[in-house]
Structure formats: structure tokens, C-alpha cells
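**Student:** would you be able to build a 3D model of this:
(one chain, ligands or ions: 1)
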Amino acid sequence: MQHLANAATLWATLKQWRDADERIALVPTMGNIHEGHLRLIDAAREHAQRVVVSVFVNPTQFDRPDDFARYPRTLDDDAAALAGRGADVLFAPQVETLYPDGLDLATHVEPTHSAQGLEGEFRPGHFRGMATIVVKLLNLVQPQLALFGEKDYQQLAVVRAVVRELLLPIDIVGVPIVREADGLAMSSRNSQLNASERALAPRLYEELNAAARWGATPDAPLADIEVRCTAKLSEAGFRVEYFCFRDAQLAPPAPADARRVVLAAAWLGKTRLIDNHLFSVAGGQGTPR
Ligand code: PAF
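**Tutor:** Residues are numbered from 1 along each chain as shown. Purely as a prediction, here's the structure:
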């Protein structure tokens, strides 16, 4: 695996691959690589001969400076894990490489509809920073496809909307959530939980599962379920930001939905967890999407 930090050397490698007609996949990450990221590489391998993994803790997508400061940075371990799973290039640039004119984003990508509500409501500016860096990385690498985890369900929807609307000729592939044995969705932020928070954390997925069971009929009382699940998590010690049903496209749920997703964001101490569960609606009339 090549470990690269500057754009010129990355382009030289990419050119060799393109000259050999090899398909290139990009896996954008912020590092602290875990099994969830490694599955993105496995999925990339199914579609491409070459896999570039970027590791860049993107300052412009953090809505709180303390969150940016605390974000785990483990580049040496990341490099070993990525090489072990068969990535061809680890691209870990400096801020100046990706933001040549500084961080004030004089030019940026501003997703609107897809970024409304949920994360967009609680993390102002987050999707602008995320969409901007993703488009920069897609422009730099010009891959045939890019892969994103479904844990960040709304992020995936935003990326799909941006790529579609900006006419970028790149396939966006979503990869299912990878969970720990106790159900907790794998996330770089899990390493910030202390022992008692870590023991409590799987309750979030348990509650999403329960909500999905109750919410799987066309006329299920979704608003009541949201309130009950929020209350149960609050009693357990979470500070819940949202616990919401949507249809699979993140529009408000309706009786005709064929599939729904229930999404949550909640704090345990100083750590913010997000998770979701996509499920079918028994007897839903919509066309499966
Ligand atoms: O999901 C992430 O890790 C980040 O939001 C991404 C897509 C790498 C952009 O910085």
C-alpha cells in the first residue's frame, strides 16, 4: 500500500491505473479505522481493481470545536489496518492541500433539501462542510465509485443528492452498518465512551429495534412510539436529540410506505451517538424502493 499526502503523487499513481483501464474506488474516511470502514474496502473490491482510502479529519464539518479537538487520530494504526485489508493507497493530506485558500469556505457546496431536519437541525453547517470535502475528494481522485456507510443514513442521502445534482459521473454505494456483538453500531466515536457509557450504549439500538417492530404496520402510532422510546432512553441516561421515523427517502412517514427508517441521535456523557434501522412495513402499499 502506498501512503500518500500530496495531490501530485496521488495523481501520478491514479494516471498509471487509468492508463491500464483499471476501475478506481474511493472510500472517504476520517480515520480511526474500524471493521465498519474495512467492510467498505471489501465492498469496493467487488466493483473496482483499485481502492483509495482517504483519511482526513475535516475541520469544516465539525459544528463544535471541542468535538474536532477530541476526534480520535490514529494514523499509524489506520495505515496498518488498511494495508492488511488490501487498500492500494492511503491518502492522508494536510489541511492546506484540501483547503488551499483557507477554511472560510469562500467556495462551498451547500446541500439544502436533503440536509434539512435530523442531523441538519442539530449540527448546523455540518452537511455544508461534509458535502464540500466529499466533492473535493471526488474531484481529486475521480473514481468510478465511492462508498459510504449506512450508519450515517442522512449523510448518504446528502451525498447521493449532491452527486446527482452536480452531475458527477460517480456511483455512490451504501454499505450496511457493522455492529459489535452487543448491537452497538461501530463508530470512531465509540472509543470516547467510558466503561459505564459503553455498557449502556447498545440500548440505543435495542430501542430502535423495538420501534421498528412497533412501527412496521401502515397505521402504527409512530408519534407515540417516538415519544415512548425517547422517554425510555432518557430514563436510561441518554440525552436524546431526536428519535424519528421517516420513509426510506427521509420524507415524513405515510401509511403507504413500503419501507421506513427509524433514526436516532443521543448523547452519553460527552459522546454523541447516531444509529438507524431500516425496515419493511407489513402490507405497505408503496413500491419497494
Ligand atoms: O463519514 C465520514 O467519516 C465523513 O463525514 C466523510 C464522509 C469522510 C467526510 O469527511
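
**Student:** count the neighbours of the nearest residue to Val173 once chain neighbours are set aside for me.
**Tutor:** Nearest residue to Val173 in three dimensions, chain neighbours excluded: Leu147, at 4.7 Å (Cβ to Cβ, 6 or more residues apart in numbering). Every C-beta, even on glycine, is put in place using the N, C-alpha and C of the backbone. Leu147: 28 surrounding residues under other Cβ atoms under 10 Å.

**Student:** what's the first helix or strand after the helix or strand hosting Leu147?
**Tutor:** Using DSSP states H and E, Leu147 maps to strand 145-149. Next helix or strand after strand 145-149 toward the C-terminus (DSSP H and E): helix 153-165.

**Student:** beta partners for Cys244?
**Tutor:** Under the criterion DSSP bridges, Cys244 forms beta bridges with Leu263.

**Student:** show the contacting residues for it.
**Tutor:** Cys244 makes contacts with 117-118, 226, 262-264, as judged by Cβ atoms under 8 Å, 6 or more residues apart in numbering.

**Student:** how about the residue of the stretch 151-289 of the chain found nearest the ligand, what does it touch?
**Tutor:** The stretch 151-289 of the chain approaches the ligand most closely through Asp152 (5.2 Å), counting by Cβ to the nearest ligand atom. Shown in contact with Asp152 (Cβ under 8 Å, 6+ apart): 119, 274.

**Student:** quick one, grab the pLDDT at it.
**Tutor:** Looking at Asp152, its pLDDT stands at 98.

**Student:** now the residue in the stretch 51-200 of the chain that the ligand sits nearest to, nearest residue through space, not along the chain?
**Tutor:** Among the residues of the stretch 51-200 of the chain, Asn58 lies closest to the ligand, at 4.1 Å counting by Cβ to the nearest ligand atom. Distances taken as Cβ to Cβ, 6+ apart place Ile133 nearest to Asn58, at 4.4 Å, with adjacent residues excluded.

**Student:** state the number of residues packed around the closest residue to Val57 other than its chain neighbours.
**Tutor:** Among residues not flanking Val57 along the chain, Met30 sits closest, at 4.9 Å (Cβ to Cβ, 6+ apart). A count of nearby residues for Met30, using other Cβ under 10 Å, gives 19.

**Student:** ok, now the one 5 residues further on?
**Tutor:** Applying other Cβ under 10 Å, we find 13 residues neighbouring Glu35.

**Student:** residues in contact with it?
**Tutor:** Contacts of Glu35 (Cβ under 8 Å, 6+ apart): 178, 186.

**Student:** export the contacts of Cys244 to TSV and append columns for neighbour count and distance to Leu278.
**Tutor:** Rendered in TSV, the data for the contacts of Cys244 read as follows (neighbours: other Cβ atoms under 10 Å; distance: Cβ to Cβ, whole Å):
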residue	neighbour count	distance to Leu278
Gly117	16	17
Leu118	21	14
Glu226	19	16
Val262	26	8
Leu263	22	9
Ala264	25	13
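
**Student:** show me which of those is closest to Ala87.
**Tutor:** Taking Cβ to Cβ as the measure, Leu263 is the one of the contacts of Cys244 closest to Ala87, at 29.6 Å.

**Student:** and the protein, which of its residues are near the ligand?
**Tutor:** For the chain, the residues in contact with the ligand (Cβ under 6 Å from any ligand atom) are 28-30, 58, 61, 130, 133-134, 152, 155.

**Student:** do that again at 5 Å, thanks
**Tutor:** Contacts of the chain with the ligand, taken as Cβ under 5 Å from any ligand atom, map to 28, 30, 58, 130, 133.

**Student:** output those in JSON lines, with pLDDT and secondary structure appended to each entry.
**Tutor:** JSON lines is the format used below for the residues of the chain next to the ligand (pLDDT from 0 to 100; DSSP: H, G, I helix; E, B strand; the rest coil):
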{"residue": "Pro28", "pLDDT": "98", "secondary structure": "strand"}
{"residue": "Met30", "pLDDT": "98", "secondary structure": "coil"}
{"residue": "Asn58", "pLDDT": "98", "secondary structure": "coil"}
{"residue": "Met130", "pLDDT": "98", "secondary structure": "helix"}
{"residue": "Ile133", "pLDDT": "98", "secondary structure": "helix"}
